[in-house]
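Participant: structure for this input, please:
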Amino acid sequence: QVQLVESGGGLVQAGGSLRLSCAASGRTFSPYVMAWFRQVPGKEREFVAAIRWSNGNTYYKESVKGRFTISRDNAKNTVNLQMNSLKPEDTAVYYCAAALDSKWTRNEYDYWGQGTQVTVSS
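Facilitator: Below is the predicted model:
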């Protein structure tokens with residue numbers, strides 16, 4: 001079994017930055033894609049960013065392009081999300097997810113973290 005543990009959330013003022021990290025532990029881990037999602041109460045969880053583990057190709061939600069950067073550290077089994085120029089509408093619980101094959105294109109993932117709260121004050 002694989003465990004994903006997020007860290008780095010917190011409270012920040014609009015225009016500020018935060019860096020989220022997600023560490024994978026457990027059995028030998030070789031994901032196809034790792035991604036970040038976010039969710040606010042009463043709304044569906046939404047895709048934020050993803051990275052292909054093998055070649056580092058990245059994918060972003062349109063509204064975070066140019067502000068967020070997803071990166072990976074293959075040796076440490078870690079994926080990071082650098083969030084700059086944060087806006088109040090970025091406030092959400094952020095979740096890390098891992099897909100072991102191409103199912104991620106259907107928004108299906110094999111493992112999820114517990115989430116970390118990000119709050120952006122205006």
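Participant: tell me the contacts of N107?
Facilitator: N107 is in contact with F47, counting by CB atoms under 8 Å, 6 or more residues apart in numbering. Where C-beta positions appear, they are placed from N, C-alpha and C, glycine not excepted.
Participant: and it, what pLDDT?
Facilitator: Note on N107: pLDDT of 86.
Participant: quick check: it vs R27, distance?
Facilitator: Going from N107 to R27 by CB to CB, to the nearest Å gives 24 Å.
Participant: and what of E62?
Facilitator: 35 Å.
Participant: of those two, give the one with the bigger neighbour count.
Facilitator: Just comparing E62 and R27: by other CB atoms under 10 Å the higher neighbour count belongs to R27, 9 against 6.
Participant: wait, isn't the more buried one in contact with Q1?
Facilitator: Yes - applying CB atoms under 8 Å, one finds R27 in contact with Q1, separated by 6.5 Å.
Participant: and the residue nearest the centre of the chain?
Facilitator: The centroid of the chain falls nearest to W36 when counting by CA atoms, centre = their mean (2.2 Å).
Participant: I am finished for the moment; much appreciated.
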